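K.L.:
whatever this is, show me its structure:
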Amino acid sequence: MALQISATNPEHPALLLELPWQLPLEEWPEHHLVPLPRGISRHVVRYARAGDEVVAVKELAERPAVREYELLLGLDRLRIPAVDPLAVVTGRTDAAGEPLESVLITRHLGGSLPYRSMFETTMRPATMHRLMDALAVLLVRLHLAGFAWGDCSLSNTLFRRDAGAYAAYLVDAETGDLHPQLSSGQREYDLDLARVNISGELLDLEAAGALHPSVDPIEFGTEICARYRGLWEELTRTSVYPAGKYHYIDRRIRRLNDLGFDVAEMQIAHSSGGDTVTFVPKVVDAGHHQRQLLRLTGLDTEENQARRLLNDLESWMATQDDYAPAGSGHRTGGAPAGSARPEVLAHRWVRDVFRPTVRAVPTELRGSMDPAELYHEILEHRWFLSERAQHDIGLDTAVDDYVGTILPKAREPLSPQVDDPGPPGAHPVPEQR
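P.N.:
Residues are numbered from 1 along each chain as shown. Okay, the predicted model is just below:
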């Protein structure tokens, strides 16, 4: 059988032909290889250079190679974070004409490292928890798409930081299956495999003295299951909001924030019965919200202020007729025709919402609060009043009540007999917050 290269791009076969396919992968010369960290694999895997690209080459039998190639193509169509499949090479023979195993070729994800390599370094426990949060997000996204991984582990997952975000990518899809929808049993089985694999690899690292002493491998593997379940529940439960229940969206975002996740995308689909809201979570680095708000609006704030203002901006943008959520356009072609860029909508929000709201508060009542903190306080007050009224009261009503009832009390001296109510603008916090 002649050598065959099945590729996603017609330019790739010519580049890949330069590689020594007549040799077993273990015997490839060093000048073809790129020394990059790899996870543990049941197959021989090497990084090689093909033209200007670095590719991962995995040697395995023809049938599983073709199957994994097709699965990765399916995940790519579903926009799931996974390595890009480039080609499958079959019909390999050595110099004596003896058959060699086929290979699967994927594009190396620039700036990424296997999760196992990350855990082999000395990391703070907080950073390790964020890594596992990103892995929980990946598992949820896979399961939402109907993909049962069957072998989630630290070695089969890549980690990459992108503009402050922590992201996990699937590497090995050989054991996976793509279904229209997964049952609860399929998800739980996949999750249990992940727990066992992750705890096992952490125990292995612990035995080698490469794990932070504060990390318990068993508890850590169990924790990712808890994080997954909390996130799955928040993302999959039905959310049909009747008209005027704007604060329900805010409540949903707060619950995701309480779980430690931030809302990267929010899509509102209008229907006759109400608004169905879908959230896509993201694990972010410290200072991410400050940088994002500054880029979109020019507002320079503290991190918690930026997080709250971005939530409000995203909610407001979702109500605009020319809003196109991230991912709603072509993968490389941007937003659909007729939609406004996020920067344009953000400028409109500053002009039509943020500034008028801040200016509605008399200067003499603001005290030392800067505009971002003042707007944050008004948003908190709006949410509190909306929860009490069980419908969205709107910003204008929130400003009037805030100016009339909260700010005057904040400026009054406290009586020694009265319990300290907290900082200016504070009010009771309901349980569901």
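
K.L.:
tell me where the chain has helices.
P.N.:
Ranges of helices in the chain, per DSSP state H, are 12-16, 62-77, 115-119, 125-144, 184-207, 217-236, 246-258, 288-297, 303-317, 342-349, 355-359, 371-389, 395-401, 407-411.

K.L.:
can you put those helices in TSV and add distance to residue 27?
P.N.:
All C-beta atoms are positioned from the backbone trio N, CA, C, and that covers glycine. As requested, the helices of the chain are exported to TSV (distance: least, CB to CB, whole Å):
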stretch	distance to residue 27
helix 12-16	18
helix 62-77	19
helix 115-119	25
helix 125-144	34
helix 184-207	28
helix 217-236	36
helix 246-258	50
helix 288-297	45
helix 303-317	52
helix 342-349	51
helix 355-359	67
helix 371-389	61
helix 395-401	69
helix 407-411	75
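
K.L.:
please name whichever of these is nearest to residue 25.
P.N.:
helix 62-77 (12.4 Å; CB to CB).

K.L.:
what stretches of the stretch 1-150 of the chain score poorly on pLDDT?
P.N.:
The stretch 1-150 of the chain contains residues with pLDDT under 70 at 1, 11-13, 120-123, 125.

K.L.:
run the last query once more with 80
P.N.:
1, 8-15, 37-41, 111, 117-130 (pLDDT under 80).

K.L.:
again, but for the stretch 301-433 of the chain
P.N.:
For the stretch 301-433 of the chain, the ranges with pLDDT under 80 are 302-304, 318, 321-340, 367-368, 409-433.

K.L.:
one more time with 90, if that's ok
P.N.:
By pLDDT under 90, the weakly predicted segments of the stretch 301-433 of the chain are 301-308, 310-311, 314-343, 363-370, 372-373, 376, 380, 383-384, 386-394, 406-433.

K.L.:
closest to residue 155 out of the helices of the chain?
P.N.:
helix 115-119 (4.9 Å).

K.L.:
count the neighbours of residue 69 for me.
P.N.:
Residues lying near residue 69 (other CB atoms under 10 Å) number 22.

K.L.:
that one: what's it in contact with?
P.N.:
Under the criterion of CB atoms under 8 Å, 6 or more residues apart in numbering, the contact list for residue 69 reads 6, 85, 87-88, 104.

K.L.:
residue 189 now?
P.N.:
Residue 189 touches residue 148, counting by CB under 8 Å, 6+ apart.

K.L.:
give me the distance between it and residue 105.
P.N.:
Residue 189 sits 30 Å away from residue 105, going by CB to CB, to the nearest Å.

K.L.:
what do you get for residue 135?
P.N.:
For residue 135, the distance to residue 105 - CB to CB - is 25 Å.

K.L.:
now do residue 369
P.N.:
57 Å.

K.L.:
ok, now how distant is the residue lying farthest from the centre of the chain from residue 22?
P.N.:
Distance from the C-alpha centroid of the chain peaks at residue 96, with 49.2 Å (CA atoms, centre = their mean). Distance of residue 96 to residue 22, given as CB to CB: 10 Å.

K.L.:
same deal with residue 156?
P.N.:
The gap separating residue 156 from residue 22 is 29 Å, by CB to CB.

K.L.:
of these two, which one has the most company?
P.N.:
residue 156 (24 against 14).

K.L.:
list the contacts of the residue lying closest to that one once chain neighbours are set aside.
P.N.:
Nearest residue to residue 156, sequence neighbours excluded (CB to CB, 6 or more residues apart in numbering): residue 172, at 4.2 Å. Residue 172 makes contact with 41, 68, 151, 155-156, according to CB under 8 Å, 6+ apart.

K.L.:
farthest pair within these?
P.N.:
Going by CB to CB, the pair spanning the contacts of residue 172 furthest: 68 and 155, at 15.6 Å.

K.L.:
tally of neighbours for residue 349?
P.N.:
Using other CB under 10 Å: residue 349 sits among 20 other residues.

K.L.:
roughly how far apart are it and residue 301?
P.N.:
The separation that residue 349 has from residue 301, given CB to CB, amounts to 14 Å.

K.L.:
try residue 42
P.N.:
Distance from residue 42 to residue 301, by CB to CB: 49 Å.

K.L.:
go ahead and confirm residue 155 touches residue 40.
P.N.:
Yes - at 4.3 Å, residue 155 counts as touching residue 40 under the criterion of CB atoms under 8 Å.

K.L.:
which neighbours do the two share?
P.N.:
In contact with both residue 155 and residue 40: 116, 201, using CB under 8 Å, 6+ apart.

K.L.:
neighbour count: the two, which is higher?
P.N.:
Counting neighbours by other CB under 10 Å for residue 155 and for residue 40 shows that residue 155 has the greater number, 20 against 13.

K.L.:
who touches the residue lying closest to that one once chain neighbours are set aside in this structure?
P.N.:
Distance criterion CB to CB, 6+ apart; nearest residue to residue 155, sequence neighbours excluded, is residue 39 at 2.8 Å. Residues in contact with residue 39 (CB under 8 Å, 6+ apart) are 114-117, 153-157, 171.

K.L.:
6 Å instead, please
P.N.:
114, 116, 155 (CB atoms under 6 Å, 6 or more residues apart in numbering).

K.L.:
need phi/psi at it.
P.N.:
Recorded main-chain torsions at residue 39 are phi -80, psi 180, according to degrees, to the nearest 10.

K.L.:
distance check, the closest residue to residue 146 other than its chain neighbours against residue 115.
P.N.:
Closest residue to residue 146 apart from its sequence neighbours, by CB to CB, 6+ apart: residue 179 at 4.4 Å. Distance check for residue 179 against residue 115: by CB to CB, it reads 25 Å.

K.L.:
ok, residue 202 next?
P.N.:
For residue 202, the distance to residue 115 - CB to CB - is 10 Å.

K.L.:
so for these two, which sits in the more crowded spot?
P.N.:
More crowded of residue 202 and residue 115, by other CB under 10 Å: residue 115, with 26 against 23.

K.L.:
burial of residue 66, as a residue count?
P.N.:
16.

K.L.:
how about the contacts made by it?
P.N.:
residue 88.

K.L.:
what is the burial count for residue 309?
P.N.:
Neighbours of residue 309 under the rule other CB under 10 Å: 23.

K.L.:
and the contacts of stretch 140-148?
P.N.:
Contacts with stretch 140-148, where a contact means CB under 6 Å, 6+ apart, come from 78, 80, 149, 176-182, 186-187, 190, 231-232.

K.L.:
er, stretch 250-259 actually
P.N.:
230, 234, 263, 311, 383.
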